[in-house]
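[1] please work out how this folds:
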Amino acid sequence: MSEDELIKQSILEIRRLKKELLQLKLEKNEPIAIIGIGCTFPGNVSTPEEFWQFISDKGDGICEPIKQRWDLTNTANIDYEKNFFKGGFISQDFSEFDPLFFGIPPKEANYLDPQHRLFLEDTWKALIDAGIDPKSISGSNTGVFCGITHSEYLQMMLSELSAEELNAYITSGNCLNFAAGRVSYLLGLNGPSLAIDTACSSSLVAIHNAVQSLRAQECNMAIAGGVSLMLTPQTFLLLKNGNMLASDGRCKTFDDGADGYARGEGCGVVILKRLIDAVADGDRIYATIKNTLVKHDGKKSGLTVPISSSQKMLLQETLAGTDIEAKDISYSEAHGTGTFLGDPIELEALNAVYGQDRSKNEPLNISSIKSNFGHLEAAAGVAGLIKVALSIYNKKIPAHFPVSRLNSNFDWENSALNVVKDNLEWPENKRRVATVSSFGASGTNAHAILEEAQESARTKTITLPVYKKKRCWYKSQGTDYTFQQASYLFSLDIDSVPTIREHRIFGTVILTGSIYLDTALKIAKEWLGEKSLHRFSFGNVTLLRPIIFEKQCVDLRVTFEKLDFVNQTESYRVKFFPQVSEGEDNDCMYASIDIQRNHISAVKIDPSYVNKCKEVYNGDDFYGKFWGNNFILGKPFHIFDKIWRNDGVIAVGLCRPIDFIKRTNAYGLDPESLIAYLTGLLFKGALPYNRIIELDSQDKAFIGTGYDSCFFYESLLKEELYAVAEIKKCSDDHCQYNGDVTMYDVEGHVLCKMTNIVFQVIDRSAIPQIASPEKRSVNVENKSSNVLRQWTFSTELEYETYPLIGDHLTFEFALFPAVGYIDLAIQAIKKVDPSYKFTKIENLKIAQPIMLHKGDKYKIRTLIDKTSSHDYVYNVHAYSDKKNIINKEWGLSSGAEVTDLPQVPEEILTFDPEVVNTYDVKYNMKEFFDLFWGDDFILGTSYHFMENVWRKDFEAIGVIRNFENYKKRIGIADLTGCFLQVYMSLPLAMAAIPDENLKKAQGDEATCIAVSVKRFVIYDDSGLDHYKELWAHAVLANKDVLDNKWITDFKFYNEKGTLVAKVDGVEFHIMKKEALELLKKSMETVEINQIDKSIDVLTFLQTEVSDIVGMEVSQLDENIHLGELMDSIMALQLRAKIEKHLAILLPLNNITTTKSVNELASDIIIRSNGLLI
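    Numbers count the residues shown, from 1 in each chain. Down below sits the predicted model:
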């Protein structure tokens, strides 16, 4: 290599290394975004909004101990001052915890430290605040970092429980490490999980570790915070005897009267992401963390004594790791415990590092949340960090709790520090940077620097409690200023707006157009600001398809985008989509509304016009004549006292002012907001009609003159309002009409105008109807949960009403067929997602088959759980509805996983019909069923659809050709190919069994039933009408070990020989008649005089499970699997009881996998009687 080449290569290598070093430096100092906050603090603070309001109002969270917490009169015989026990208490009753919501058995929850419970709850709240479904992050690389110090709950239990009462849950419920580990376990998180104890600095140290973990790529998102609760008075006594507590129970931070600290309690959790990821995901960003650092004081005069030099070093090194100068920092949230000597030491460090080179006009503003809440100990650091993040987000520096006289042990005159007395606006002309400190009693100190997200990184978030219900917690999924487009999610409850239920077409509740307008206006107002809306109006309102309330709640996704200028008018477009839709095409869009900036000139109408109309109706006559049974407008829509009509073209209505104002209650404006909304409105005519709200008609305080806001305010209160409608036909077939509606006051001034409204005439078939049980459809109950993406559907199943049951008989039972469970699941999922197309069903199990006699009736409940955008899990539960049943318990009958992702065969397979010539025997349909289906298992005519069957050992082929006759015979016209293929499996499987095994399956008092399907894949989802022929090929998969069960694989081909579907791993069991009878009885808990062994087992299990998990028998969730209710410790306890009392040793996974109590009872019965061959 020449010298020039060597130099050239060296230069390239140096450049590469510099680039790597730069990248490492960037990663080391990468900003971290705070995207979600969950909290519970003194002063009834439980949300970020309540936190901000509390500190903005200089809130005081100090109070006496809650009576339910402890009784001081029973405390040890020690003299004390009552004020020592004052502090920042939260009002939450720790016994109010929903363990089953988090999958925790109630018995385990009794031993669970309330700190662990609270941290779990606030983690959930923080994720929700970040717009993240907690279920959606299972399996993600998310870290959990929890600052926690005390174990007072453990101390209480150890002092109260006897040696016999001690158990393993005391360890897992109280050891500090489980506070973080349980969150990771319950949410299914795979990132780091740490509980950190550095005394008072624990939570800020936890956040530091989270920041470092994110920068080191150890996790992609972090849950970080801290928790501390005051559960015993003994800790107060210890601190009081150590002269650490303030005499009046207050942290008098920076005050000359500071004499110790006041204890506080609470929990704070923040959700963190790397800034680049938060921006890419469109997250709302409260603030960014520029740098954090943790250091120890080292050797000093005492272990718990603070030292100024160490604090200075901590601040200097934290600042050095950023691109920020000391003078850029406007606000420091101090540790500020309120001790006479401790506060000046911290003030000296702050002034030395951040107070230099400042003018008197730009001081370093300081404050401390401890003066409001008390010292939250392990949660103190995160409380300060949340305060700083909210201050940056709201662009204000909140006031410090009032100080009587500044601490005289610090030279305030010659410092650059300013204790904030009143809330300050944060200037726009400089970077919004702030710091927060948290110092630990053991000498471990933490410091963090936060900054406002740059404008290019900030996202504009709109909370849409459009209709104020608990469900409406959804947050923005992100807004990008560059593209001027946003997407919002919200949930509309049928009970949230009075008018929704009163708007019915053919009996079906359909959303009114006014709510579209209201939602569009609310979004635009939030996005553009209220003042800019004063010159906007609606245009091009297009309702493409109605929002139909087939269940209690409808989830919507609303997009808002800026359009190009049209005719010199600034325009925006609001679109409404189903929340589950992936695209934004018009096929799935509900509605589109344009909002335009324009000026509407004054328009007047002559009220005497009504004298020219030929027909006059009072309000009741009008609604009775023109609104019949097919389109019902309830009383909230009855707003007219009198209507004048002229040849069906023009109509004028006189509104009922008081009733109208009450019933069209605006969804977001109170009187003061209305006045503010109208202020500066100098034109006439753009007030949306659905903004009329209830006001005191006697209140004339705001009434003015002229066409200003007071004119419109007054107009709404006038005793007479007129609505004029003009309509004309716009299609020859009388199916479409076009109209205009204008509202005027009595003087003829325009209040609102809607033009070019198109009305469509429809018939009943255009409106989906909720089917009845007789139509074999599931009926929606009010049990949908869009937070957890779970839905519950129910129906009744009768021997006489459901097709196929009477033709699927074993012994004297009608056995509900496998295809029936798939039918229930498909109908239920179609209710949730009408466009869903099944392409694969996996792990279908028939755990407890439904068996009916004539006259029997079963309650069926289908649970749907959406696990991803394409996947669902369903479970079908049932119980017998006989009148003599007293203890009705749901039993799991079947379950499976489904997807709609397109499926591609692993290999190209084709079928040649000529292959049947190589088979041993050919049967026509009658011969086949006579030979293979005898007296013990009868398949009726509904199953007689294969023209011919060819058979040889381990294989069989069948063909269907006449599909029309098949559909008529089965009585179900809407079956698709997927039903048919499963439906063909059972009959054909019998033909693939060798003769010697077939005789066993057809033996006396025994038959075969299908118990599971491994996989069912559809490559072609065409219906029956697209097939001329359908060939099925069955092959035994376990031909070497048949014994008493067999597994069969099926492939299905069309007339061209193309593979259209396959069914893998259909497992059949040979069952004795007695086993089936006991299985049926296990689903029926009968009266006492009819109890047999099966009921004894069921009752025993219900009692023992309830005792082990710590709940009443009546509280057992009828749908829950034991694996979800019990952990391995509880499962071992149950197995031991079963072995002791029933003399049966069960495999542990029989309890910890997917069995319910009913299934486990059936399993035990079968094993104890030797009924499973």
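[2] now do the contacts for the spatially closest residue to K421 that is not a sequence neighbour.
    Leaving out its chain neighbours, the residue that sits closest to K421 by CB to CB, 6 or more residues apart in numbering is A399, at 5.9 Å. (Glycine included, C-beta is placed from N, CA and C.) The contact partners of A399, taken as CB atoms under 8 Å, 6 or more residues apart in numbering, are K58, S367, V420, K421, D422, N423, L424.
[3] part of a strand, is A399?
    No. A399: not assigned to a strand; according to DSSP: H, G, I helix; E, B strand; the rest coil it is coil.
[4] which of the three states applies to P65?
    coil.
[5] just give me the neighbour total for it.
    P65: 17 surrounding residues under other CB atoms under 10 Å.
[6] pull up the gap between it and I392, please.
    34 Å (CB to CB, to the nearest Å).
[7] buried set for stretch 401-418?
    Residues F401, V403, N407, F410, S415, A416, L417, N418 are the ones in stretch 401-418 that count as buried (16 or more other CB atoms under 10 Å).
[8] next: stretch 164-183.
    Going by neighbour count (16+ other CB under 10 Å), the buried part of stretch 164-183 is Y169, I170, S172, G173, N174, L176, F178, A179, A180, G181, R182, V183.
[9] likewise for stretch 54-63?
    Neighbour-count burial for stretch 54-63, counted by 16+ other CB under 10 Å, picks out F54, I55, K58, G59, D60, G61, I62, C63.
[10] contacting residues around A195?
    Contact analysis of A195 by CB under 8 Å, 6+ apart lists C146, G147, I148, L176, N177, F178, A179, A180, G181.
[11] point out where the stretch 1051-1173 of the chain drops to low pLDDT.
    Applying pLDDT under 70 to the stretch 1051-1173 of the chain flags residues 1072-1096, 1117-1119, 1143, 1147-1150, 1152-1155, 1165-1173.
[12] break down it into its strands, ranges please.
    Secondary structure of the stretch 1051-1173 of the chain (DSSP state E, counting those that start in this stretch): strands at 1059-1072.
[13] and the helices in it?
    For the stretch 1051-1173 of the chain, helices defined by DSSP state H, counting those that start in this stretch occupy the ranges 1073-1082, 1093-1109, 1122-1125, 1128-1142, 1149-1152, 1157-1169.
[14] just the stretch 301-450 of the chain next, same as before
    Counting by DSSP H, counting those that start in this stretch, the helices of the stretch 301-450 of the chain are 308-320, 342-354, 370-373, 380-394.
[15] turn those helices into CSV, including mean pLDDT and mean neighbour count.
    As requested, these are arranged in CSV below (pLDDT from 0 to 100; neighbours: other CB atoms under 10 Å):
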stretch, mean pLDDT, mean neighbour count
helix 308-320, 93, 18
helix 342-354, 93, 23
helix 370-373, 93, 28
helix 380-394, 96, 27
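[16] just send the ones you listed back as TSV, with distance to Q1115 too.
    As requested, the helices of the stretch 301-450 of the chain are exported to TSV (distance: least, CB to CB, whole Å):
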stretch	distance to Q1115
helix 308-320	52
helix 342-354	51
helix 370-373	37
helix 380-394	35
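[17] and F51, helix, strand or coil?
    With three-state DSSP as the basis, the three-state label of F51 is helix.
[18] grab the nearest non-local neighbour of it.
    Per CB to CB, 6+ apart, closest to F51 is V45, 5.0 Å.
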